[in-house]
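In: need a structure here:
(chains A and B)
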Amino acid sequence: MFDYWLKIIPSIVAGFSVSVSVYALTLLFSLPLGLALAMVARTNNKVAVRAVSIFTWILRGTPLLLQLYITMYAVPLIIPMRMNRFFAGTFTFVINYAAYFTEIFRSGLAIIPLGQWQAGQVLGLTKPQIFFHIIVPQMFRNVLLPLVNEAITLVKDTSLLAAIALAEMLRNAKEIIGRDLRMDALVIAGLIYLLFSYLVVMIGKQLEKKYLNQV
Amino acid sequence: MLQLQSAGYSYGENTVLQDISFTIQQGEIVGILGPSGSGKTTLLKILSHLAELETGSYRINDTWISKNGVLSAPNVISQAMSEVGVVFQQFNLFPHMTVLENVVLPLKLRKKLSKETCRTEAIEMLKSMDLQDKLESYPHQLSGGQQQRVAIARALILKPQILLIDEPTSSLDAAMTQTVIEILRTLNTKGLTLILITHDLIFAKALCQRVIEIGNGRLTKDCVADEYFPTL
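Out: As a prediction, this is how the structure comes out:
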């Protein structure tokens, strides 16, 4: 069994590197996008607020799998283009997770008392200074737990990339099972998912320890 | 010097302040008194520029913040308002920062001083408030009186000429009130103008030299404290 595992692990790890790349890129782009949209949602511009509301409603109200199919297979029917699987997967994940992060950040901003803004104003700070030095750090503390939850969900959601035939970990494992008629690849993939989410949980716990005992 | 001329403010149809005029000279201790709902808090917002006058004029030293209801340029206002420090009733300390960081922040962002200078000045200020052993504490770890002293330190770190304090005694016990009175008296002897918005008549009598009374959004009295508190 050990020899067999050594033989199949490189292919599974190659798939895992694709999963990790999508995971990292999704967090890298969806977090700032979610924050920007949450800020827009708190402005007085009714059109922009409505647009953000519709965006989050659609993205959170339809399955991620359907959104992957639309990006991968429906968009090229409308705009003639050759869709890159990695791009399609990452793009869909970014906008889907940005929608969730928008709502999380919006709730985190809503519970910060107006007095915090006023304290910054009377100290003569500019709006960007107040936002980035006073409001955003408090907002991140308010939303740390739901953010960590989303980060754990994202670990498992990357397996959906198999549906658009992107060579991520689960798809590679499935190919190995079809070829060898053995289920070891699934066990290895399961263990890697578990280790990956354990790592995310541990990072989350460290962040909690560092930040949540301050307020 | 701080001056309001015929100041007016309303929330929609509801007129909150009407025709308020007074001048406060450098070094005075003035109590702004009045019952709940009289317009004291709105007046504090106007004096701290958290709300803008709709009618009338507001001046700090030689600079008009608003003249006949027309605001000055933002950079002019920003410069003039740097002479006004504010301590809120709820203190509004930044909960994610330590006591030291709360006081360092305005120095770092407004004065652009070096990290070490900011730290040294902030520690000096906190020492003068007897908070030297609380530098690394977070606001939620402090008593009401300690939080208020941090708020005073944060407001004073930019060296304003005028300090506005909203309901200074609302979260203090009798002993702490006495400490705050002493701190404020000491600051006043160094030339700081104090404007105290309060409904605590005993506190106002103990500290204020002059009283401005607001009732139903209008100035109902402006006199020396001895005249206002003859029987207390």
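
In: Flag every residue of chain B that's near chain A.
Out: Counting by Cβ under 8 Å from any Cβ of the partner chain, chain B comes close to chain A at B:48-50, B:78, B:81-82, B:84-86, B:88, B:90, B:92-96, B:105-106, B:109-110, B:138, B:140, B:154-155, B:158. C-beta here means a position set from N, CA and C on the backbone, and glycine is covered the same way.

In: hmm, 6 Å instead?
Out: Neighbours of chain A within chain B, by Cβ under 6 Å from any Cβ of the partner chain: B:48, B:50, B:78, B:82, B:86, B:90, B:92, B:94-96, B:106, B:109-110, B:138.

In: Of those, which belong to helices?
Out: Using DSSP state H, the subset of these located in helices is B:78, B:106.

In: now the residues of chain B next to chain A as a markdown table including pLDDT and neighbour count?
Out: Below are the residues of chain B next to chain A laid out as a markdown table (pLDDT from 0 to 100; neighbours: other Cβ atoms under 10 Å in any protein chain shown):
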| residue | pLDDT | neighbour count |
| --- | --- | --- |
| B:48 | 95 | 20 |
| B:50 | 95 | 17 |
| B:78 | 91 | 15 |
| B:82 | 93 | 18 |
| B:86 | 96 | 27 |
| B:90 | 91 | 15 |
| B:92 | 96 | 23 |
| B:94 | 97 | 22 |
| B:95 | 94 | 18 |
| B:96 | 93 | 21 |
| B:106 | 94 | 24 |
| B:109 | 93 | 18 |
| B:110 | 90 | 17 |
| B:138 | 94 | 19 |
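
In: Taking the residues of chain B next to chain A, tell me the two that lie furthest apart.
Out: B:78 and B:138 (29.5 Å; Cβ to Cβ).

In: ok, residue B:225 - contacts?
Out: Contacts for residue B:225 (Cβ atoms under 6 Å, 6 or more residues apart in numbering or on different chains) come out as B:208-209, B:211.

In: Show me the strands in chain B, by range?
Out: For chain B, the strands defined by DSSP state E occupy B:2-11, B:14-24, B:29-33, B:55-60, B:63-67, B:70-71, B:84-87, B:162-166, B:193-198, B:210-215, B:218-224.

In: residue farthest from the centroid of chain A?
Out: Here chain A reaches farthest from its C-alpha mean at residue A:122, the gap being 37.1 Å by Cα atoms, centre = their mean.

In: Count the neighbours of the residue nearest to residue B:218 when sequence neighbours are not counted for me.
Out: Nearest residue to residue B:218 in three dimensions, chain neighbours excluded: residue B:18, at 5.5 Å (Cβ to Cβ, 6 or more residues apart in numbering or on different chains). Look at residue B:18: counted by other Cβ atoms under 10 Å in any protein chain shown, it has 17 neighbours.

In: give the contact list for the residue lying closest to residue B:125 once chain neighbours are set aside.
Out: Spatial nearest neighbour of residue B:125, excluding adjacent residues (Cβ to Cβ, 6+ apart): residue B:153 at 4.7 Å. By Cβ under 6 Å, 6+ apart, residue B:153 lies in contact with B:103, B:125-126, B:129.
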